[in-house]
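Participant: Provided below are the primary sequence and the corresponding predicted coordinates.
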Amino acid sequence: MSASTQPDCIFCRIVAGEAHSHPVHEDDDVLAFMDIQPVEPGHTLIIPKHHYENLLESTPEAMAAVARVSVPLARALREVFSPDGIFVAQTNGVAAGQTVFHYHLHLIPRWHGSRVQLHGRRLADPEELAAHAVRIRAALRGGEDAIETESVQD
């Protein structure tokens with residue numbers, strides 16, 4: 001692993017290809033993938049490839065890269081899942097609810113009446129996550145504001 005990763009960090013292991021994920025977008029700066037314990041279908045995480053424990057340890061450039069991907073990804077989630085809204089969340093430290101100590105942004109489709117929570121309680125079916133990832137990638141490629149960088153292939 002490079003100096004920008006932590007060997008005990010699951011997200012760093014995902015970036016390095018040492019742990020499996022269901023990616024929806026990847027470029028030089030960020031990786032977006034399906035949350036394996038989704039709150040709702042389509043729950044997606046966006047992380048910088050460089051390891052930052054949280055927002056306070058990050059850089060404006062890394063945050064800009066995450067934000068750049070968040071807008072077209074949120075629009076793709078809206079297209080694929082037709083939610084009533086999209087919950088955007090990020091936590092810093094245990095007291096704030098952070099459970100993985102690598103900066104990450106949650107994009108969670110929401111429907112009227114759904115329970116507001118940040119973390120799911122059970123592992124999702126890997127085949128369902130893979131199918132969601134395919135649909136999101138297709139929406140990202142076909143959207144009018146498609147991300148103008150390399151995207152993960154089907």
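Facilitator: In hand now; what should we look at?

Participant: what packs against the longest helix anywhere in the chain?
Facilitator: When the chain is parsed with DSSP state H, its longest helix is helix 60-81. For helix 60-81, the packing partners by 3 or more Cβ pairs under 8 Å, 6 or more residues apart in numbering; DSSP states H and E come out as strand 23-26, strand 30-34, strand 44-48, strand 85-89, strand 105-110, helix 126-142. The C-beta positions use only the backbone N, C-alpha and C, and glycine is treated the same way.

Participant: Ok, which of these comes nearest residue 118?
Facilitator: strand 85-89 (5.5 Å; Cβ to Cβ).

Participant: gap between the residue lying closest to residue 58 once chain neighbours are set aside and residue 76?
Facilitator: Excluding its sequence neighbours, the residue lying closest to residue 58 (Cβ to Cβ, 6 or more residues apart in numbering) is residue 52, at 4.0 Å. Taking Cβ to Cβ, to the nearest Å as the measure, residue 52 falls 25 Å from residue 76.

Participant: if you count what's nearby, which of these two comes out ahead?
Facilitator: residue 76 (28 against 18; other Cβ atoms under 10 Å).

Participant: ok, the closest residue to that one other than its chain neighbours - how many residues close by?
Facilitator: Nearest residue to residue 76, sequence neighbours excluded (Cβ to Cβ, 6+ apart): residue 139, at 3.8 Å. Per other Cβ under 10 Å, the neighbour tally for residue 139 reads 20.

Participant: Go ahead and confirm residue 79 touches residue 140.
Facilitator: No: Residue 79 is beyond contact range of residue 140, at 9.3 Å (criterion: Cβ atoms under 8 Å).

Participant: give me every residue that touches the residue nearest to residue 58.
Facilitator: 58, 59, 62, 102, 103 (Cβ atoms under 8 Å, 6 or more residues apart in numbering).

Participant: sorry, back to before: so which of the helices and strands packed on helix 60-81 comes closest to residue 15?
Facilitator: That would be strand 30-34 among these, by Cβ to Cβ, at 5.7 Å.
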